[in-house]
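Next comes the sequence, and after it the predicted model I'd like to discuss.
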Amino acid sequence: MSLIEKYPVHLTNSLSGKKELFVPVNPGHLGIYVCGPTVYNDVHLGNVRTFMSFDVVTRYFRHLGYKVRYVRNITDVGHLENDADEGEDKISKKARLEQLEPMEVVMHYTEGFHEVMRQFNILPPSIEPSATGHIVDQIEITKKLIDNGFAYEANGSVYFDVTKYHEKYKYGILSGRVIEELMESGRKLDSQDEKRNKIDFALWKKASPYHIMRWPSPWSDGFPGWHIECTVMSTKYLGDTFDIHGGGMDLKFPHHECEIAQAVGANDQKPVNYWIHSNMLTVNGQKMSKSLGNSFLPRELFAGDHALLDRGYGAMTVRFFMLQSHYSSTLDFSNDALGAAEKGYKKIINALAALNALVHEQKEVDDSIEKDLLRLIEECYKNMSDDFNTAKTLAVLFEMAARINDFKSGNTQLSKVSKDVFDQFKTTYQSFVKDVLGLREENEQNNDLLDGTIQILIELRKKARLDKNFALSDKIRDDLKQVGVQLKDGKDGTIDYVIE
RNA sequence: GGUGCUGUGGCCGAGUGGCUAGGCAGAGCUCUGCAAAAGCUCGUACAGCGGUUCGAAUCCGCUCAGCACCUCCA
């Protein structure tokens, strides 16, 4: 029995608001699309949370044995400063302000984004398409929407006709918005407006003479609207109906609602079976966002170089911190919580090292110990298959860590566990920590030179202790501690170390 | 105003109506030359008020408090 059959995944589908059994379009395959960043600025910690959430989702599916195609786009054109389809393109604006080519802006922030993803051990997607690379496709689908009667041209721009769409299908199925109310509330159309209704949105915008980013189209020299790129790139690489579409909660409306309308209007079929929305990172209860000024960047986080930060924290500490909550809940940032997470993370990682060092030799097998270990293995899968409950999974890993430490100290005889069960236990702990949750050693720069040097000091300390020269042995220990190397004395005279 | 969500022990945070979440902090103990690390033990918390039920943190209603989206934001 494969893991896929043994641990069916249930996930909360934003479309229904309920937890549903996941059934893929093609058995054993997963097609998932996640809205990526608009590369006009640095990604902040709140952005990181979203990508980390979906990183864990895709990691788990892969671990179960799914063949995953993960598409995450780069928005490098079309994202306007406000959603009334007016205002400047974000990339263009940045380019103008910094006197750069738009593509220089795009390259710079795309590379910065990738660097941050690497730091947090967020794996790259299978395909990372860009909006500017799919202008032709966007023009094609816009034509199709006009042909189908769901879009109209006005003065060189093309808009999606939400009212027309709503007559045949239903607009608002994802966000629960009522079209009549949307029509009433907010700003009125003025006489200058090209839109027939205020809730219509742009598929193509005619560029003003001074606009830098522009492409030819049947309607005008211009650029595509924001929502259309995701519809195009998701269906192009994943098919007209694919499994999962993810993104931050704040994109649910209007972005994702518009995506659905575009895809249905063009293809007359439901584009996505399961929508997953990850919740916001908050600071003092408020959403972290650039405009509120309460956001900070990863490099500020590492350096502790921000008014909100008492000190610096490692990327893995933050990863652990985020995994302790469920992706669908808001998570409040605080220094206290980060500090606690740092210790918890170390406990998990230290146990990983201890596990690797265990030498197994089977003697008499104790059934109750084995049952306990098998239960813990089972729990890991059950919790992850239950809507990717990383918090509960971590709780189980802490229990496993306690078992590992018991084996290490001899509190429990490792020889009472059969080879088979121990191997399962070991593999499960290792793979859940490293492959599924994506936690790794914070200090990967540990090299042989450093290790060798510390080993020499450890040998000196051992000697000093045997000679009962505690002044010297304590000095070695305390001085190493000063520079961030913590020694851990074992019962049998062995000494390990951890770099803090 | 509309839509949705949340309110859990000192802190952070899981929780499918009944059976211990977990982490951090704190107290005691074990181990240790002393520490650290590790292990063991200890807290009976679920905003308030009603209701349903044999039984509710978990379901329903009301009240209070807070958040998100409805403008750009993951």
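Structure received. In this text the structure is predicted, and so the values were computed from the model without any measurement. Residues are numbered from 1 along each chain as shown, chains lettered A, B, ... in the order given.

Which elements pack onto the longest helix seen in chain A?
The helix spanning the most residues in chain A, taking DSSP state H as the definition, is helix A:335-357. The elements that helix A:335-357 packs onto, with contact taken as 3 or more C-beta pairs under 8 Å, 6 or more residues apart in numbering; DSSP states H and E, are helix A:315-323, helix A:390-409, helix A:419-430, strand A:495-499. No exception for glycine: its C-beta is placed from N, CA and C like everyone else's.

What helices and strands are in contact with the second one?
Translated: helix A:390-409. Under the contact definition 3+ C-beta pairs under 8 Å, 6+ apart, helix A:390-409 sits against helix A:315-323, helix A:335-357, helix A:367-385, helix A:419-430.

Nearest to RNA strand B among those helices would be which one?
RNA strand B lies closest, by C-beta to the nearest atom of the strand, to one member of those: helix A:335-357, at 2.8 Å.

Tell me who's in contact with the closest residue to A:His166 other than its chain neighbours.
In space, A:His166 comes closest to A:Ile179 once its chain neighbours are excluded; the distance is 5.3 Å by C-beta to C-beta, 6 or more residues apart in numbering. Neighbour list for A:Ile179: A:162-163, A:166, A:171-172, A:199 [criterion: C-beta atoms under 8 Å, 6 or more residues apart in numbering].

again, 6 Å this time
With C-beta atoms under 6 Å, 6 or more residues apart in numbering as the criterion, the residues that contact A:Ile179 are A:166, A:171-172.

The longest helix of chain A near RNA strand B at all?
Yes. Applying C-beta under 7 Å from any atom of the strand, one finds helix A:335-357 touching RNA strand B at A:336-337, A:339-341, A:343-344, A:346-347, A:350.

and the two most separated of these?
Distances among the residues of helix A:335-357 next to RNA strand B were taken as C-beta to C-beta; the most separated pair is A:Asp336 and A:Asn350, at 21.8 Å.

Settle it for me: which of the two has more neighbours?
The residue with more neighbours, out of A:Asp336 and A:Asn350, is A:Asn350; 16 against 8, by other C-beta atoms under 10 Å.

which of the helices and strands packed on helix A:390-409 is buried the deepest?
The densest packing among those, expressed as mean neighbour count by mean count of other C-beta atoms under 10 Å, is seen in helix A:315-323 with a mean of 23.

roughly how far is the helix or strand just after it from the heart of the chain?
Sequence order places strand A:331-333 as the next helix or strand after helix A:315-323, per DSSP states H and E. Remark: strand A:331-333 is offset 16 Å from the chain centroid, using C-alpha atoms, centre = their mean, to the nearest Å.

now what about strand A:331-333, what contacts it?
For strand A:331-333, the surrounding residues in contact (C-beta under 6 Å, 6+ apart) are A:281-283, A:325.

returning to that earlier point: would TSV of the helices and strands packed on helix A:335-357 with mean pLDDT and distance to RNA strand B be doable?
Putting the helices and strands packed on helix A:335-357 into TSV (pLDDT from 0 to 100; distance: least, C-beta to the nearest atom of the strand, whole Å) gives the following:
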stretch	mean pLDDT	distance to RNA strand B
helix A:315-323	95	7
helix A:390-409	93	3
helix A:419-430	95	13
strand A:495-499	81	8
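
Which one of these lies nearest to A:Val56?
Between A:Val56 and the helices and strands packed on helix A:335-357, the shortest separation by C-beta to C-beta is 6.1 Å, and it involves helix A:390-409.

Would you point out which residue of the stretch 201-350 of chain A is nearest RNA strand B?
Nearest residue of the stretch 201-350 of chain A to RNA strand B (C-beta to the nearest atom of the strand) works out as A:Gly248 at 1.5 Å.

Test my guess that A:Val105 contacts A:Leu97.
No. With contact defined as C-beta atoms under 6 Å, A:Val105 does not reach A:Leu97; the gap is 9.4 Å.

Low-confidence ranges, the stretch 101-250 of chain A, go.
Confidence mapping of the stretch 101-250 of chain A against pLDDT under 70 gives the ranges A:185-192.

all strands for it, in order.
Listed in chain order, the strands of the stretch 101-250 of chain A (DSSP state E, counting those that start in this stretch) span residues A:151-154, A:157-160, A:201-206, A:222-224, A:242-248.

how about TSV for the ones you listed, with mean neighbour count added?
Supplementary listing: those in TSV, determined by neighbours: other C-beta atoms under 10 Å:
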stretch	mean neighbour count
strand A:151-154	19
strand A:157-160	25
strand A:201-206	26
strand A:222-224	25
strand A:242-248	25
